[in-house]
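J.: build me a model:
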Amino acid sequence: MKTIRCAIYTRKSSDEGLEQSFNSLDAQREACAAYILSQASEGWSPVADTYDDGGLSGGTLERPALQRLLADVRAGKIDIIVVYKVDRLTRSLLDFAKLVEAFDAADTSFVSVTQSFNTTTSMGRLTLNMLLSFAQFEREVTAERIRDKIAASKARGMWMGGIPPLGYKPDGRSLAIVPEHASITKHIFQRYLELKNVRLLADDLITTGIRSPERATSTGKAIGGRTFSRGQLYLMLKCVTYTGQIGHKGTVYAGKHPAIIDRDTFAQVQTTLADNSNGTRSRSRASNPSLLAGKIVDQDSQPLIATHASKGATRYRYYVSHGLHHGTASSNIRLPAREIERLVIDRAGELFRDPLQLVASAWLDVAPDRISALHDRCAELTETRRNTKLLAGMITQVRIEEGQVVLSYDTLAIATALAATQHEDAPAEIIITLDARLTRSGRVLRLVHDGAPGDERSSVSLTKLLVQAHGWWSELRKGELDIKLLAAREGVTGSYLTRVVRLAFLSPALTQAILASRHPAGLDVRSLTLTGTVVASWSEQAGCRLNA
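T.: Next comes the predicted model:
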C-alpha cells in the first residue's frame, strides 16, 4: 500500500496562552493526528516535521511555519495537508487562490478535520470558497473597525505607525526629530526650490554624494543606504508630515510632532511641483528616445549619459560613463542603448507573469471581485512591445555592477497600472538582481545576460551568416576554388570570406544557441566577423567569451 505523507499545520492569531503546557496549537495538532490515525487503513501517515505558527494573523502568508510547509510541498515531500479548520490556513480569498495554485502544482490536497472538504472536486472548491468568503467578511469588518480607529487617532494628530519619513523616528504616538537625517531633508527641499526639477535634484544628490541614510524598521528590516530615486524624492517633497501635520485620505490635521520644514517653504515646493506637472513639455522628436535617460548608473552611482552617433541615415544610441562623455574617464562603459533597454523592459514584463506574487511583493490591496480583472491586466502588460513606454515608466533605477545588473521598479507605478491600491507600509520599490557581465565587442562594452534570448532580428542575421559560413566551407573543401577565387565569385574580400568561414567551426553549444535564438544579447553579426573576436577554444566559446 502506498504511504500518503500527511503534514499537520496549526495556527493561533494571538500569543495569549501559548506559554501553557497544553495550548490551542497542541489541541489542534492532537485532533489532526487523531484524524490521520483514523485513515491509517488508507495509508495515511504523519510526517515528523511540525508546522506551528503561534501569534500570527491568518490575513497574511508571511508566516515562518507556513513558508516551511510550502517549501516542503514544492519539494514533493507532502501529499496531504491536515488542518483543524480551513481558516487556520488562511482567511483571505486572494491568499487561498495562491495556496490552491501551489498545491495543484505539487499535486497536494488538504483536509479540514472539522469540515468535510474535498479540494479535488469543483463542488468542494465552491463550498470552500463560500466558507472563505465569510471568513474574509469577518476579517474585513475587523479591518474597518481598525481603520476607523486610525482615522480618529490621526484626527487628534497622532502618529499611527509605519515607516516614519526621513528625518523622524517613532516616539510613542508621536515622532521625534533625528537631527542628522533632518538636515538631509532640509537640503533636499532647499535644492529643489533652486533647481525646480526632480530629475536635476536626483542628479545633484548623486554628484554631491548624498545618499539615503541606512535605517531599520520596527521589524528590524534594513532600509536606505542607496541613492535617492526620483520616486522617493517626489514622495518626500509631497509629505505633509514634515510641516508638523498629519495627513489622512486627503485631509490634513495638526500633529503632535515638531516640524522640519516650515509651511511657507512647503507651500512653495507644492506650487513648483504643480507648475511642472501642469506645464507643457515638448515631445521628443526622436523615433527611438532613450528610455533609461537619468535612470541608469554605474556601480559608483555615477550616471550613464544618453548619447548617440549617426552613420548615414542610421542613428546608434548608447549609454556612456559620465567621465567618458566629458573626457575625464575613470570608467569606460559604453553600452548600446537598445540592448540594455530591451533587457530591462522584458524583465519588467516578466513581473506581471505571476500576478499573485506581484501583489505580495508590491503590497497591493485587491478586492476579491477584481482578481479576474487583475489577471487579465497582467496578461496585457506581459506584451512588452505594446507597452514599452508604460513599463519604462515603472523603472526608477538601473545599476550596472560587476557581474550583475540591479533593477529597481516603482511599486506605486505598478499599482497605478493595475488600478490597485497599496498598503500604507508598502515598499517604494521592487529590487531585482540579474546575473550579467560586461564583455568587449570591438570598442563597445556590451552587457551579456546569459539567461536572456537573443534579439529576433539579430537571430535571423546570425542564422543566415552560419548558413553562409558552412556553404562557403563546403565549396573550399571540394578543392576546386581557393579563397581568392571564391571571394571574387561572391563579390567580397578575401579577408571577409576568411572571417565568415571560421564560423563553420564554432562550438556545437554556441551554434545551437544561435539557431534556437538563445544566444547572449551581446552577440551579433558584427561581433562575430570582427578580426580576432572569436576564440578558438570551444569551452570558451560555450561561455561566449569574446576576445578584446
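J.: quick check: closest non-adjacent residue to Glu490.
T.: Excluding the flanking residues, the one nearest Glu490 by CB to CB, 6 or more residues apart in numbering is Leu497, at 6.7 Å. C-beta coordinates here come from the backbone N, C-alpha and C atoms, glycine included.
J.: what about the one you found, how many neighbours?
T.: Residue crowding around Leu497 was assessed by other CB atoms under 10 Å; the count is 21.
J.: residues near Ala75, how many?
T.: Look at Ala75: counted by other CB under 10 Å, it has 9 neighbours.
J.: how near is it to Val47?
T.: For Ala75, the distance to Val47 (CB to CB, to the nearest Å) stands at 12 Å.
J.: alpha carbons only: can I get the helix or strand hosting the residue nearest to Glu490 in CSV?
T.: Element membership for Leu497 (DSSP states H and E) is helix 494-501. Presented in CSV, the C-alpha positions along helix 494-501 are these (Å, rounded to 0.1, in the frame of the first residue of the first chain):
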residue,chain,number,x,y,z
GLY,A,494,39.3,37.5,-49.1
SER,A,495,39.6,38.8,-45.5
TYR,A,496,35.8,38.9,-45.0
LEU,A,497,35.4,35.5,-46.5
THR,A,498,38.0,34.0,-44.2
ARG,A,499,36.4,35.6,-41.1
VAL,A,500,33.0,34.1,-42.1
VAL,A,501,34.3,30.7,-42.9
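J.: strands of the stretch 251-400 of the chain, start to end?
T.: In the stretch 251-400 of the chain, strands defined by DSSP state E, counting those that start in this stretch lie at 251-254, 296-298, 304-311, 314-321, 334-336, 364-365, 395-401, listed in chain order.
J.: Ala102 is nearest to which of the ones you listed?
T.: Proximity to Ala102, assessed across the strands of the stretch 251-400 of the chain by CB to CB, is greatest for strand 364-365 (18.9 Å).
J.: adding mean neighbour count and mean pLDDT, write the strands of the stretch 251-400 of the chain out as a markdown table.
T.: Output for the strands of the stretch 251-400 of the chain, formatted as a markdown table (neighbours: other CB atoms under 10 Å; pLDDT from 0 to 100):
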| stretch | mean neighbour count | mean pLDDT |
| --- | --- | --- |
| strand 251-254 | 13 | 90 |
| strand 296-298 | 22 | 86 |
| strand 304-311 | 15 | 81 |
| strand 314-321 | 18 | 82 |
| strand 334-336 | 21 | 83 |
| strand 364-365 | 17 | 80 |
| strand 395-401 | 21 | 88 |
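J.: for Ser122, find the nearest of those.
T.: Between those, strand 364-365 lies closest to Ser122; by CB to CB that is 28.3 Å.
J.: can you list contacts of the closest one?
T.: 358, 414-415, 418, 420-423, 426 (CB atoms under 8 Å, 6 or more residues apart in numbering).
J.: related to what we said a few turns ago, ok, which of the strands of the stretch 251-400 of the chain comes nearest Leu510?
T.: Leu510 lies closest to strand 334-336 among those, at 20.4 Å (CB to CB).
J.: what's that closest one packed up against?
T.: Where contact means 3 or more CB pairs under 8 Å, 6 or more residues apart in numbering; DSSP states H and E, strand 334-336 is packed against strand 314-321, strand 444-448.
J.: let's go with 10 Å and repeat that
T.: If contacts are counted by 3 or more CB pairs under 10 Å, 6 or more residues apart in numbering; DSSP states H and E, strand 334-336 sits against strand 304-311, strand 314-321, strand 437-441, strand 444-448.
J.: strands paired with it, and their directions?
T.: For strand 334-336, the pairing partners within the sheet under DSSP bridges are strand 314-321 (antiparallel).
J.: mind putting the strands of the stretch 251-400 of the chain in JSON lines, distance to Asp104 included?
T.: Written out in JSON lines, the entries for the strands of the stretch 251-400 of the chain read as follows (distance: least, CB to CB, whole Å):
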{"stretch": "strand 251-254", "distance to Asp104": "45"}
{"stretch": "strand 296-298", "distance to Asp104": "40"}
{"stretch": "strand 304-311", "distance to Asp104": "44"}
{"stretch": "strand 314-321", "distance to Asp104": "43"}
{"stretch": "strand 334-336", "distance to Asp104": "42"}
{"stretch": "strand 364-365", "distance to Asp104": "23"}
{"stretch": "strand 395-401", "distance to Asp104": "33"}
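J.: to Arg215, which of the ones you listed lies closest?
T.: The minimum distance between Arg215 and those falls on strand 395-401, with 18.7 Å, by CB to CB.
J.: each with direction, which strands does that closest one pair with?
T.: For strand 395-401, the paired strands and their directions (DSSP bridges) read strand 296-298 (parallel), strand 404-410 (antiparallel).
J.: ok, and for the last one, which residues are buried?
T.: Spelled out, that is strand 404-410. By neighbour count on 16 or more other CB atoms under 10 Å, the buried set for strand 404-410 is 405-410.
J.: so for the longest helix anywhere in the chain, mean pLDDT?
T.: The longest helix of the chain (DSSP state H) is helix 122-155. pLDDT averaged over helix 122-155 equals 77, rounded to a whole number.
J.: related to what we said a few turns ago, contact partners for the residue nearest to Glu490?
T.: Residues in contact with Leu497 (CB atoms under 10 Å, 6 or more residues apart in numbering) are 468-469, 472, 476, 483-484, 486-490.
J.: how about JSON lines for these, with secondary structure added?
T.: As requested, the contacts of Leu497 are exported to JSON lines (DSSP: H, G, I helix; E, B strand; the rest coil):
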{"residue": "Gln468", "secondary structure": "helix"}
{"residue": "Ala469", "secondary structure": "helix"}
{"residue": "Trp472", "secondary structure": "helix"}
{"residue": "Leu476", "secondary structure": "helix"}
{"residue": "Ile483", "secondary structure": "helix"}
{"residue": "Lys484", "secondary structure": "helix"}
{"residue": "Leu486", "secondary structure": "helix"}
{"residue": "Ala487", "secondary structure": "helix"}
{"residue": "Ala488", "secondary structure": "helix"}
{"residue": "Arg489", "secondary structure": "helix"}
{"residue": "Glu490", "secondary structure": "helix"}
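J.: would you reformat those as TSV and include neighbour count, distance to Leu69 and pLDDT?
T.: Compiled in TSV, those are given as follows (neighbours: other CB atoms under 10 Å; distance: CB to CB, whole Å; pLDDT from 0 to 100):
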residue	neighbour count	distance to Leu69	pLDDT
Gln468	16	56	88
Ala469	22	54	88
Trp472	22	60	90
Leu476	16	64	88
Ile483	14	67	88
Lys484	11	72	88
Leu486	17	67	88
Ala487	18	67	88
Ala488	13	72	88
Arg489	11	70	88
Glu490	15	65	86
